[in-house]
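**Student:** Here is a sequence with its predicted model. Questions after.
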Amino acid sequence: MATTGEREQWREWIETKNKVLEEQLYALARQTRENWYGKDVYIRGLIEFTNYCKNDCYYCGIRRSNNKALRYRLTEEEILACCKTGYELGFRTFVLQGGEDLFFTDLRLARIVAAIKETYLDCAVTLSVGERSRKSYEMFYEAGADRYLLRHETANDAHYGQLHPKEMSLENRKRCLWDLKEIGFQVGAGMMVGSPGQTVECILEDLEFLKELQPDMVGIGPFIPHCETPFYGQKAGTVDQTLRLLAVVRLILPQVLLPATTALGTIEQDGRERGMLAGANVVMPNLSPSNVRDKYQLYDGKLCTGSEAAENLDNLKRSMEAIGYRVVSGRGDRAGYVRKAI
Ligand code: 5AD
């Protein structure tokens, strides 16, 4: 638990409109990041392999009720072809992300993970396929998966209920995260900034939860409304609020892997660079086949071109160099991480 003093400090940082204080916060976050990771920026090749989803989250463009979404699934061969392209470009982490699509059974997913790990011995595989049983997660770990991303979305129960239909629960979400951690995965939690109903108190609860969970990664991006969801017309989260939160998370979890997310790059042209300067140290360019990229529309206007595209890695490298950082090849594990034996 955070002390009252700590919590008040978090609150001040999150709420401040004072540009001087903001700059101090970012400088402190950068210093902390550089103590652990120097100027290195880690890259992940993101493969969005299915946009089918059994869930109906109110914020998400690929929710099952969106019958305008053009659904697709990649085959195992297509996924492996993405990895080949990515490997040649220099990626040493592949993130398999998808909607909660039960066509991809545990066995199927485990086979895909094992095939990637057999072909690319020096690569890490990250899964991001939502809530499953502890047994499923164990199977993925045994197949060789290294990391797992599952944003908790909000750590406040009532707020969780405002974002999700009643068949989903914060309790199960947290159970998944604790299971993943116990099994030995490098685990990523995270939340959207400025989602409908989010208050400063909710954010403080998120921080409290992150402090307790001690995840290896935290994904934070602004909420952006999607026109085919119940949240169409709601306000988007802001860049500044996102940057302040990135910095505070860096200070609470000094060794955390913190991506400057696609959503941040979508709401502002130099969002990703500003994210780096507020303590982020990871970017996740899109490695999906180009004909499906525009179909993975979690929110309106989601970037999949420019530096967001894996094949434009040179752009990204230049933009990172311009702010004093350098993209490195390599798996980019969390500092000090040792894989737990099965
Ligand atoms: N705006 C911003 N982020 C979103 N996500 C889903 N829908 C939206 C949206 N409308 C995020 C969720 C999810 C991640 C894959 O994308 O936090 O965990």
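**Tutor:** In hand now; what should we look at?
**Student:** Spatially nearest residue to residue 309, not counting backbone neighbours?
**Tutor:** What sits nearest to residue 309 in space, not counting adjacent residues and going by CB to CB, 6 or more residues apart in numbering, is residue 286, at 5.6 Å. For glycine as for every other residue, the C-beta is placed from the backbone atoms N, C-alpha and C.
**Student:** Would you mind giving both backbone torsions of that neighbour?
**Tutor:** Dihedral pair for residue 286: phi -80, psi 120, per degrees, to the nearest 10.
**Student:** For the ligand, what is the nearest residue in the stretch 101-250 of the chain?
**Tutor:** Each residue of the stretch 101-250 of the chain has a distance to the ligand, by CB to the nearest ligand atom, and the smallest belongs to residue 151, at 3.7 Å.
**Student:** Give me the neighbour count for the residue nearest to residue 309.
**Tutor:** Number of residues near residue 286 (other CB atoms under 10 Å) recorded here: 22.
**Student:** List the residues that contact the residue of the stretch 101-250 of the chain closest to the ligand.
**Tutor:** Residue 151 makes contact with 188, 189, 190, 191, 192, 219, according to CB atoms under 8 Å, 6 or more residues apart in numbering.
**Student:** Quick check, the residue nearest to residue 309 in contact with residue 293.
**Tutor:** Yes. Under the criterion of CB atoms under 8 Å, residue 286 makes contact with residue 293 at 6.0 Å.
**Student:** what sits in contact with each of these two?
**Tutor:** Taking CB under 8 Å, 6+ apart as the criterion, residue 286 and residue 293 both touch 48, 304, 309.
**Student:** so which of those is the most crowded?
**Tutor:** With neighbours defined as other CB under 10 Å, the most crowded of these is residue 48; it has 25 neighbours.
**Student:** SS state for that residue?
**Tutor:** For residue 48, the secondary structure call by DSSP: H, G, I helix; E, B strand; the rest coil comes out as strand.
**Student:** I am assuming it contacts residue 99, so please confirm or correct that.
**Tutor:** No. Between residue 48 and residue 99 there is no contact, the gap being 9.1 Å when judged by CB under 8 Å.
**Student:** re the thing from before, distance of the residue nearest to residue 309 relative to the ligand?
**Tutor:** 13 Å (CB to the nearest ligand atom, to the nearest Å).
**Student:** which residues does that residue bridge with?
**Tutor:** According to DSSP bridges, the residues that bridge with residue 286 are residue 46, residue 309.
**Student:** Can you tell me how far the residue of the stretch 201-342 of the chain found nearest the ligand is from residue 224?
**Tutor:** When distances are taken as CB to the nearest ligand atom, the stretch 201-342 of the chain approaches the ligand most closely through residue 299, which lies 3.5 Å from it. Distance of residue 299 to residue 224, given as CB to CB, to the nearest Å: 4 Å.
**Student:** same check, this time on residue 8
**Tutor:** 30 Å.
**Student:** neighbour-wise, which of those two wins?
**Tutor:** Ranked by neighbour count (other CB under 10 Å), residue 8 and residue 224 place residue 224 first, with 25 against 12.
**Student:** Am I right that the more buried one is in contact with residue 266?
**Tutor:** Yes. If you go by CB under 8 Å, residue 224 and residue 266 touch, sitting 6.4 Å apart.
**Student:** Common neighbours of these two, please.
**Tutor:** Residues touching both residue 224 and residue 266 (CB under 8 Å, 6+ apart): 299, 301, 302.
**Student:** remind me, longest helix of this protein?
**Tutor:** In the chain, with assignment by DSSP state H, the single longest helix is helix 19-37.
**Student:** what residues does that helix touch?
**Tutor:** Applying CB under 8 Å, 6+ apart, the contact partners of helix 19-37 are 12-13, 16, 240, 243-244, 246-248, 250-251, 254-255, 258, 277-281, 335.
**Student:** Check which residues of it are buried.
**Tutor:** Along helix 19-37, the positions that meet the burial threshold by neighbour count (16 or more other CB atoms under 10 Å) are 22, 25, 26, 28, 29, 30, 32, 33, 36, 37.
**Student:** Next one: residue 52 from residue 83, what distance?
**Tutor:** Counting by CB to CB, the separation of residue 52 from residue 83 is 21 Å.
**Student:** Look at those two and report which has more neighbours.
**Tutor:** Neighbours were counted for residue 52 and for residue 83 using other CB under 10 Å; residue 83 has more, 22 against 17.
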